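>>> any chance you could fold what I've pasted below:
(chains A and B)
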Amino acid sequence: MQGSTRRMGVMTDVHRRFLQLLMTHGVLEEWDVKRLQTHCYKVHDRNATVDKLEDFINNINSVLESLYIEIKRGVTEDDGRPIYALVNLATTSISKMATDFAENELDLFRKALELIIDSETGFASSTNILNLVDQLKGKKMRKKEAEQVLQKFVQNKWLIEEGEFTLHGRAILEMEQYIRETYPDAVKICNICHSLLIQGQSCETCGIRMHLPCVAKYFQSNAEPRCPHCNDYWPHEIPKVFDPEKERESGVLKSNKKSLRSRQH
Amino acid sequence: MDRRNDYGYRVPLFQSKHLNGDERSGSNYRRIPWGRRPAPPRDVAILQERANKLVKYLLVKDQTKIPIKRSDMLRDVIQEYDEYFPEIIERASYTLEKMFRVNLKEIDKQSSLYILISTQESSAGILGTTKDTPKLGLLMVILSVIFMNGNKASEAVIWEVLRKLGLRPGVRHSLFGEVRKLITDEFVKQKYLEYKRVPNSRPPEYEFFWGLRSYHETSKMKVLKFACRVQKKDPKDWAVQYREAVEMEVQAAAVAVAEAEARAEWFQHQHWLYWRTQHQHGLQ
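Now for the predicted structure:
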């Protein structure tokens, strides 16, 4: 299948429980994924040594290959936290996103997505999205209703709301290919990792863009950060590289971060 | 002289015990006459591909918890292979069980409705809450009231309990939305509860029962334990309910075993058929 040399692994109840719980939550951060893995071993196979997470997940993915789905690892765009989600290997179009959304709701998402991609910041305001409500396909939707649908997208982790709306890391993981294929002229790409970029920093001289975590890694301990493309002085604040240990110790977040995103999964 | 079926393949002169249609427990299938058994071996790959698509389709659709219609499956996934629906859905069931420990269950034979049930003891809550946790907690309360009340509870009784939790009809709650709509409409659509009019009641009164999904996803034993934890009692103190709960556990276990056996036998037979036709090809 696709010339993969991966040997088909074996799934035990440990893996199945893990998979089911990951699916229940939709997307999980690495710290929670490790806790989950440990829990699943405790339930089914107390005496076994816990596999390295990467091997554990590769094992599951080799079994899932025939379904064209896999557990994919990504990184949040704002602060570089590793996340995991179950995604389609084949391109996920918006209609496949979730069959429990009505046609007009999916179209609302599409409109929000387009605004987000076209924006300079990677964010779209509620006002701008709601102004497009009259153009939606399907049943007519009032603005009040559209507000609730947007909240549904937030709850289901397709969008994040921080004053304005942007794509959840899970949506980027799942839909990157679709977005790049559908909006080839509008999409932004990170100069470092060459993946889809929704929010990030850009060089004011030559316009290249980089993800915040990519900026953090690239300019780590560099006193004079310069644009990798045009060598001009990099004018933005360099974020810190994500350190899982530090995050847990400091009891987490909010105080240092401008982000007000809720961490309830 | 060998008998040949419609596809020109030799068939055995005898009919071995072939689990078919109604003979299988939990039958999702219509009877397929032996002579018209479809799918020469090379089509098996196509059927498996459809089955895999169906697996993904069901996993996504099940997120809403609203039962899935067979007609939707046929329209969206099976399409031109509708004749092979029984085999495709059987393969999908097998994959769902093998990879996800999830059981595809037909809960309504007349309207051909299906749900997915996890067959392993839930680890819910291990990583904190999901968006569904509050609603399921509320559901648990309602299920326990119904069960402890003798398997049905009037709407009045339910609201008495909910009022104690600070929930009122017609008032929008931050977690549950409009509670009356949740318990009489959403939970009913999702088959967690049944909401029926009391016969001959004027003005109309309604009562709640457990829905089909609740019977499958939880058990009376679990609900009894929940109720007892809340009331700080031992399950055995509620003698009648405890007996009922035990009986249901035994029944559920018997059904699960029978279905697993039927499924295993069916697959063995499929392999035998495949080998048989391969062998015959080799002889030609």
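>>> tell me which helix or strand in chain B has the weakest average pLDDT.
The weakest-scoring helix or strand in chain B, judged by mean pLDDT, DSSP states H and E, is strand B:10-11 (a mean of 39).
>>> ugh, typo on my part, it should be chain A
The weakest-scoring helix or strand in chain A, judged by mean pLDDT, DSSP H and E, is helix A:94-97 (a mean of 62).
>>> need the next SSE after it, C-terminal direction.
helix A:103-118 (DSSP states H and E).
>>> what comes up buried for the following helix or strand past that next one?
For helix A:103-118, the following helix or strand on the C-terminal side (DSSP H and E) is helix A:126-130. Neighbour-count burial for helix A:126-130, counted by 16 or more other C-beta atoms under 10 Å in any protein chain shown, picks out A:126, A:129-130. Yep, even glycine has a C-beta here, placed from its N, CA and C like the rest.
>>> just those now: which is nearest chain B?
Set against chain B, the nearest of the buried residues of helix A:126-130 by C-beta to the nearest C-beta is A:Ser126 (19.2 Å).
>>> list the contacts of that closest one.
The contact partners of A:Ser126, by C-beta atoms under 8 Å, 6 or more residues apart in numbering or on different chains, come to A:147, A:150, A:164-165.
>>> number of nearby residues for A:Leu21?
Other residues near A:Leu21 number 22, with proximity taken as other C-beta atoms under 10 Å in any protein chain shown.
>>> now do the one 5 residues further on
With neighbours defined by other C-beta under 10 Å, the count for A:Gly26 comes to 19.
>>> roughly how far does it sit from chain B?
Distance, A:Gly26 to chain B, by C-beta to the nearest C-beta, to the nearest Å: 8 Å.
>>> hang on, that residue packs against A:Asn156?
Yes: between A:Gly26 and A:Asn156 there is a contact at 7.0 Å, judged by C-beta atoms under 8 Å.
>>> the strands in the stretch 1-150 of chain A, which residues?
For the stretch 1-150 of chain A, the strands identified by DSSP state E, counting those that start in this stretch occupy A:27-29, A:69-75, A:82-88, in order along the chain.
>>> how about TSV for these, with mean pLDDT added?
Shown next, in TSV, are the strands of the stretch 1-150 of chain A (pLDDT from 0 to 100):
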stretch	mean pLDDT
strand A:27-29	92
strand A:69-75	93
strand A:82-88	91
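>>> can you put these in a markdown table and add mean neighbour count and distance to B:Gln110?
Formatted as a markdown table, the strands of the stretch 1-150 of chain A follow (neighbours: other C-beta atoms under 10 Å in any protein chain shown; distance: least, C-beta to C-beta, whole Å):
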| stretch | mean neighbour count | distance to B:Gln110 |
| --- | --- | --- |
| strand A:27-29 | 22 | 38 |
| strand A:69-75 | 19 | 33 |
| strand A:82-88 | 21 | 34 |
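>>> coming back round to it: check the contacts of A:Ser126 and tell me the two furthest apart.
Spanning the widest gap among these are A:Glu147 and A:Glu164, at 13.7 Å by C-beta to C-beta.
>>> which one of these two has more residues nearby?
Applying other C-beta under 10 Å to A:Glu147 and A:Glu164 shows that A:Glu164 carries more neighbours, namely 18 against 14.
>>> mind pulling up the phi and psi values for the more buried one?
Dihedral pair for A:Glu164: phi -110, psi 180, per degrees, to the nearest 10.
>>> thinking again about what came up before, just the ones of the contacts of A:Ser126 in helices?
Among those, the members found in helices (DSSP state H) are A:147, A:150.
>>> any regions of chain B where pLDDT drops low?
B:1-42, B:119-131, B:255-260, B:263-264, B:266-267, B:270-271, B:274-275, B:277-284 (pLDDT under 70).
>>> state the distance from the residue of it found nearest chain A to B:Val77.
Among all residues of chain B, B:Thr64 sits closest to chain A, at 4.0 Å; criterion: C-beta to the nearest C-beta. Distance, B:Thr64 to B:Val77, using C-beta to C-beta, to the nearest Å: 17 Å.
>>> higher neighbour count, those two?
For B:Thr64 versus B:Val77, neighbours defined as other C-beta under 10 Å are more numerous around B:Val77 (21 against 15).
>>> who are the contact partners of the more buried one?
Counting by C-beta under 8 Å, 6+ apart, B:Val77 makes contact with B:50, B:53-54, B:57.
>>> kindly report the same for B:Phe187.
With C-beta under 8 Å, 6+ apart, B:Phe187 has these contacts: B:139, B:142, B:193, B:211.
>>> what's around the residue nearest to the first one when sequence neighbours are not counted, how many residues?
Going back to what we said before, that points to B:Leu139. Nearest residue to B:Leu139 in three dimensions, chain neighbours excluded: B:Tyr192, at 5.6 Å (C-beta to C-beta, 6 or more residues apart in numbering or on different chains). Neighbour count for B:Tyr192, taken as other C-beta under 10 Å: 23.
>>> try the one 3 residues further on
When neighbours are defined as other C-beta under 10 Å, B:Tyr195 has 16 of them.
>>> mind checking the backbone torsions on A:Leu197?
Per-residue torsions, A:Leu197: phi -120, psi 120 (degrees, to the nearest 10).
>>> these two touch, right, it and A:His211?
Yes: using C-beta under 8 Å, A:Leu197 is in contact with A:His211, at 5.9 Å.
>>> which neighbours do these two share?
Residues touching both A:Leu197 and A:His211 (C-beta under 8 Å, 6+ apart): A:77, A:190.
>>> against B:Leu59, how distant is the closest residue to chain B within the stretch 101-250 of chain A?
Closest contact between the stretch 101-250 of chain A and chain B, by C-beta to the nearest C-beta, is at A:Gln155 (4.8 Å). Per C-beta to C-beta, A:Gln155 is found 19 Å from B:Leu59.
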